[in-house]
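Could you work out the structure for the sequence below:
(one chain, ligands or ions: 2)
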Amino acid sequence: MPAKHLYFVGTAGSGKTTLTNAFQLWLNNQGYQAMTVNLDPGADELAYAPDVDVRDWIKLSEVMAEHGLGPNGAQIAAADMIALNVREISQVIAGFDTDYVLIDTPGQIELFTFRQSSRVVMDELSGDRAMLAYLFDPSLAKTANGYISSLMLAATVHFRVPVPMISLLTKADTLSEGDLERIALWSKDYYALFSALLDESIDAQTQVSVEFLQALDTVGAGRPVIPISSDTGDGMEDIYSAAQLVFEGGEDLEK
Ligand SMILES: Nc1nc2c(ncn2[C@@H]2O[C@H](COP(=O)(O)OP(=O)(O)OP(=O)(O)O)[C@@H](O)[C@H]2O)c(=O)[nH]1
Ligand SMILES: [Mg+2]
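Residues are numbered from 1 along each chain as shown. Ligands and ions are numbered 1, 2, ... in the order given. Below you'll find the model as predicted:
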């Protein structure tokens, strides 16, 4: 069976790198084979050693020095350079015998979402075996306004990258029971979210948010948001179940 490719995508600091590592450990502990890929040429110190590291081909610091670019310009140049090297990277990944390929994407979400090069990279690396895991950062998703902003961002990413997507609420260990219950309710019930938004404030900004919310509801962008914690391991099994549902219609992998 071809490997399943899971891309972790989210705003800077949302927990992509930590989750890539934690989910690999969880899968391995369950007896599944999983490998990790770092797609961030600007990653400094990673807390774990990825099996395949794009920095072996392209390093942000070197692109900056060689081309006299600042960090943002260098990120764009590096993204294009990765696309030029993607066939070779793909061959290295294909050399691994694995069930899951877990892909950690750059901190700058707009690079992954808006650059054509990332489509080229995804197509070459994953073909039709790609799936996104969009990470909701609790520091944003805790308020109704922030939750709606996260939904809009997730919908934008999904609009640009039309492959199956699941939504994860990271760092659930930092949230109270009340926060978790409220967010779970919002993810299922737009009226509850609407009413929480009105409780927070009624101003022009709220009007805009409500209109966006209704549009999101209309296009069906809402989906359950799975709370997870890389620190405690909570929710890892739910990520697995959701991914298996997308890839295999819910069939468990043969251990
Ligand atoms: N409490 C808690 N902290 C977490 C968890 N996951 C990540 N963090 C912390 O959140 C911070 C950011 O985590 P990263 O994994 O580096 O996030 P990232 O999305 O890869 O960040 P960039 O690549 O810089 O965009 C770090 O300080 C992590 O230790 C979690 O499940 N619980
Ligand atoms: Mg990271």
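
what residues are up against the closest residue to ligand 2 within the stretch 51-200 of the chain?
The minimum distance from the stretch 51-200 of the chain to ligand 2, using C-beta to the ion, falls at residue 107 (5.4 Å). Quick note: C-beta positions are derived from backbone N, CA and C, even for glycine. Under the criterion of C-beta atoms under 8 Å, 6 or more residues apart in numbering, the neighbours of residue 107 are 12-13, 16, 40, 42.

cool, residue 138 as well?
Residue 138 makes contact with 169-172, 174-175, 179, according to C-beta under 8 Å, 6+ apart.

mind redoing it with 10 Å?
Taking C-beta atoms under 10 Å, 6 or more residues apart in numbering, we find residue 138 in contact with 14-15, 146-147, 150, 169-175, 179-180, 183, 227.

which ones among those come in contact with ligand 2?
Near ligand 2, judged by C-beta under 5 Å from the ion, there are no entries from these.

nearest to residue 94, of these?
Distance to residue 94, by C-beta to C-beta, is smallest for residue 15 among those, at 27.9 Å.

Would you check how far apart that closest one and residue 153 are?
15 Å (C-beta to C-beta, to the nearest Å).

Please identify which of those two sits among more neighbours.
A direct count of neighbours by other C-beta atoms under 10 Å for residue 15 and residue 153 places residue 15 higher, at 23 against 19.

By mean pLDDT, which helix or strand of this protein comes out lowest?
When each helix and strand of the chain is scored by mean pLDDT, DSSP states H and E, helix 204-219 comes last, with a mean of 69.

The helix or strand following that one pairs with which strands, parallel or anti?
For helix 204-219, the succeeding helix or strand toward the C-terminus, using DSSP states H and E, is strand 225-227. Within its sheet, strand 225-227 is paired with strand 165-169 (parallel), according to DSSP bridges.

pretty sure residue 141 contacts residue 184?
No - if you go by C-beta atoms under 10 Å, residue 141 and residue 184 don't touch, sitting 11.3 Å apart.

The two: who's more crowded?
residue 141 (26 against 16).

ok, now which ones touch residue 216?
148, 151-152, 154-155, 190, 193, 222.

Closest to residue 82 out of these?
Distances from residue 82 to the contacts of residue 216, taken by C-beta to C-beta, are shortest for residue 154, at 23.6 Å.
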